[in-house]
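Visitor: got a predicted model here, sequence first, then my questions.
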Amino acid sequence: MTGREDKNANHLFFLCSLIEYIGRKTKNHRNVITNAIGKSELQHVFDLADVYHSENMDKLAFELIEKHKIETGFFDNVANAKYAIPTYWDIGKVYKRLIIAVCKKENKPLIDTLLEIYNSWLSRKIEDFNSSTFYESPEYLLQSYLKGENL
């Protein structure tokens, strides 16, 4: 470990932030992005995150959008937000913490857990910037996810 957090946690943070960035750019729910990119490519981006950190985010997003033929959707949570909008880095951190907590709790592989969480009911709550879900504590999000509903 170098820096303040584990290398894998930092890679996951980058990947989740990239997913959020692409979702905003293409106006899609985040599960649409993860499912379009797919497990093997998500793993590839995760594995090379230390290299991709130095890439231009627009360039990387454009390449993934083109490669995986991600169409523009109709979900624009940024335009629909009534309050302050969290950055894609803020949301990346929310997902990173939740994914790591679920991996530890359930002893599941990281990318499998990522896909599971982005395809869950909780992901729709997190991406609703008019709710306070993305501001909740990591423990609250974990317990809600494990229970299958907001506590």
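Guide: Here it is on my side, so go on.
Visitor: how about the nearest residue to Pro97, chain neighbours excluded?
Guide: Quick fix: residue 97 reads Arg, not Pro. Excluding its sequence neighbours, the residue lying closest to Arg97 (C-beta to C-beta, 6 or more residues apart in numbering) is Pro138, at 4.3 Å. Any C-beta I mention is one placed from the backbone N, CA and C, and that applies to glycine too.
Visitor: contacting residues around the one you found?
Guide: 94, 97-98, 101 (C-beta atoms under 8 Å, 6 or more residues apart in numbering).
Visitor: now tell me what touches stretch 67-74 from outside.
Guide: Outside stretch 67-74, the residues that touch it by C-beta under 8 Å, 6+ apart are 22, 26-29, 32-33, 36-38, 41, 64.
Visitor: which one of those is nearest to Val78?
Guide: Checking the contacts of stretch 67-74 against Val78 by C-beta to C-beta gives Lys27 as the nearest, at 8.7 Å.
Visitor: list just the nearest of the contacts of Pro138 to His11.
Guide: Lowest distance from His11 to these (C-beta to C-beta) belongs to Arg97, with 14.0 Å.
Visitor: if we can go back for a sec, make a markdown table from the contacts of stretch 67-74 and add neighbour count and distance to Ser132 to it.
Guide: Formatted as a markdown table, the contacts of stretch 67-74 follow (neighbours: other C-beta atoms under 10 Å; distance: C-beta to C-beta, whole Å):
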| residue | neighbour count | distance to Ser132 |
| --- | --- | --- |
| Ile22 | 25 | 24 |
| Thr26 | 18 | 25 |
| Lys27 | 16 | 23 |
| Asn28 | 22 | 23 |
| His29 | 18 | 19 |
| Val32 | 19 | 24 |
| Ile33 | 26 | 23 |
| Ala36 | 18 | 29 |
| Ile37 | 22 | 28 |
| Gly38 | 13 | 32 |
| Glu41 | 15 | 32 |
| Leu64 | 21 | 30 |
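Visitor: please consider this matter closed, and thank you.
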